[in-house]
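> give me coordinates for this.
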Amino acid sequence: MIFRKDVDTLKKRALSDWLKSGGNIRMKDIYGWCASQNIPVVMKYRYRKDFSLSVNLWNLISYCRFILDIKEKYLRGNI
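Purely as a prediction, here's the structure:
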């Protein structure tokens, strides 16, 4: 996420509070929130050595499904 220094301070705090609330939040939720707030999002997959191979594989699959879903919606004109 790319927050502008002075302009997006309240938005950054609101997102941080939402994430800390501990609810079930998915990448789609974060992406949708950022898109509605006009905050640019750049997402990358990163392998985490502190996670097991199976968890990393699951995260990679979830990431790829998310990216494909976003691209499909973009091509349909829903974004």
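
> any idea how far the residue nearest the centre of the chain is from residue 4?
Of all residues in the chain, the one closest to the mean position by Cα atoms, centre = their mean is residue 27, 3.9 Å from it. Counting by Cβ to Cβ, to the nearest Å, the gap from residue 27 to residue 4 is 22 Å. The way it works is simple: take the backbone N, C-alpha and C, and place the C-beta from them, glycine included.

> before we move on, what about residue 66?
Remark: distance between residue 66 and residue 4 (Cβ to Cβ) = 25 Å.

> could you tell me the end-to-end distance of stretch 46-56?
Stretch 46-56 has its terminal residues 9 Å apart, counting by Cα to Cα, to the nearest Å.

> so for it, what gets flagged as buried?
residue 56 (16 or more other Cβ atoms under 10 Å).

> what of stretch 62-70?
Buried, per 16+ other Cβ under 10 Å, within stretch 62-70: 66, 70.

> average pLDDT across it?
Mean per-residue pLDDT for stretch 62-70: 91.

> send the alpha carbons of the helix or strand harbouring residue 14 over as CSV?
Using DSSP states H and E, residue 14 falls within helix 9-20. The C-alpha atoms that make up helix 9-20 are tabulated as CSV, following Å, rounded to 0.1, in the frame of the first residue of the first chain:
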residue,chain,number,x,y,z
THR,A,9,-2.9,9.4,7.9
LEU,A,10,-6.4,8.8,9.1
LYS,A,11,-7.0,6.1,6.5
LYS,A,12,-3.8,4.3,7.5
ARG,A,13,-4.9,4.4,11.2
ALA,A,14,-8.3,3.2,10.3
LEU,A,15,-6.9,0.2,8.3
SER,A,16,-4.4,-0.6,11.1
ASP,A,17,-7.3,-0.6,13.7
TRP,A,18,-9.3,-2.8,11.4
LEU,A,19,-6.5,-5.3,11.0
LYS,A,20,-5.8,-5.3,14.8
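
> and the next helix or strand past that helix?
helix 27-36.

> quick one: that following helix to chain centroid distance?
Relative to the chain's own centre, helix 27-36 is displaced by 6 Å; criterion: Cα atoms, centre = their mean, to the nearest Å.
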